[in-house]
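S.K.: mind looking at a prediction? Sequence and model below.
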Amino acid sequence: MSAARTTFAARGYDPTSLREVAREAGVDPALVVRFFGSKAQLFTTAMRLPLDTQSIVQMIAATPRREVGERIARYFLGLWDEPVTREPMLAMIRSAVTHDQAAGILRGFLNEALIGPVAGVLGTPDPELRTTLVGSQLVGMAMVRYVLEIEPLASTDTETVVRWIAPTLQRYLTRGSVESR
């Protein structure tokens, strides 16, 4: 699984082949096909993240309201610091713009790990819209920082990024309501 994550993270979905993953893993390509059936199934399996959504909900619920933006920013950036979550997230974001299945996996991750759990504990108007805006901010930041590696964001330390992004997340989550027109 490590070889698949590494290869998809480095190249994205479309340019990665089963043969390339097998070569990286040091196995025969037929073995990869036997166990996973297809590149799509291998990608789906490799992108599963070891996240405990119940813990995420408890973390958000236990966080003082004025600190929820910072807590989410710190949690999300922390996922990028761990190789076991960094590679699948990098592969999902890199691949989501060119492959529908990858976009679906990223959408599912955001809904399962962020939008659903956070919206459920917010207690504010428009919780789904608010958490979707948070997701857009985080994915955009991840795209610029980790995929495109645009400086100076790519090399800025995590604490500085948290200080800059947390107030925006906080505003999305807790301030006022958006009036429909």
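M.R.: Arrived safely, thanks for sending.
S.K.: all helices of this structure, in order?
M.R.: Using DSSP state H, the helices of the chain run over 2-11, 18-25, 29-36, 39-46, 53-62, 68-81, 83-96, 100-110, 116-122, 127-142, 158-174.
S.K.: who does the longest one touch, helix- and strand-wise?
M.R.: Put plainly, it is helix 158-174. helix 68-81, helix 116-122, helix 127-142 (3 or more Cβ pairs under 8 Å, 6 or more residues apart in numbering; DSSP states H and E). In short, each C-beta sits where N, CA and C put it, glycine included.
S.K.: with mean pLDDT added, can I get the helices of the chain in CSV?
M.R.: Converted to CSV, the helices of the chain look like this (pLDDT from 0 to 100):
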stretch, mean pLDDT
helix 2-11, 86
helix 18-25, 92
helix 29-36, 89
helix 39-46, 84
helix 53-62, 81
helix 68-81, 92
helix 83-96, 85
helix 100-110, 80
helix 116-122, 77
helix 127-142, 90
helix 158-174, 95
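S.K.: TSV for these, including distance to residue 151?
M.R.: Formatted as TSV, the helices of the chain follow (distance: least, Cβ to Cβ, whole Å):
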stretch	distance to residue 151
helix 2-11	20
helix 18-25	29
helix 29-36	37
helix 39-46	29
helix 53-62	31
helix 68-81	17
helix 83-96	18
helix 100-110	25
helix 116-122	30
helix 127-142	14
helix 158-174	13
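S.K.: among those, which is nearest residue 152?
M.R.: Closest of the helices of the chain to residue 152 is helix 158-174, at 9.5 Å (criterion: Cβ to Cβ).
S.K.: how far away from the center of its chain is the closest one?
M.R.: Distance of helix 158-174 from the chain centroid (Cα atoms, centre = their mean, to the nearest Å) equals 17 Å.
S.K.: now do the buried residues in that helix.
M.R.: 161-162, 165-166, 169-170, 172-173 (16 or more other Cβ atoms under 10 Å).
S.K.: I appreciate the help and will end here.
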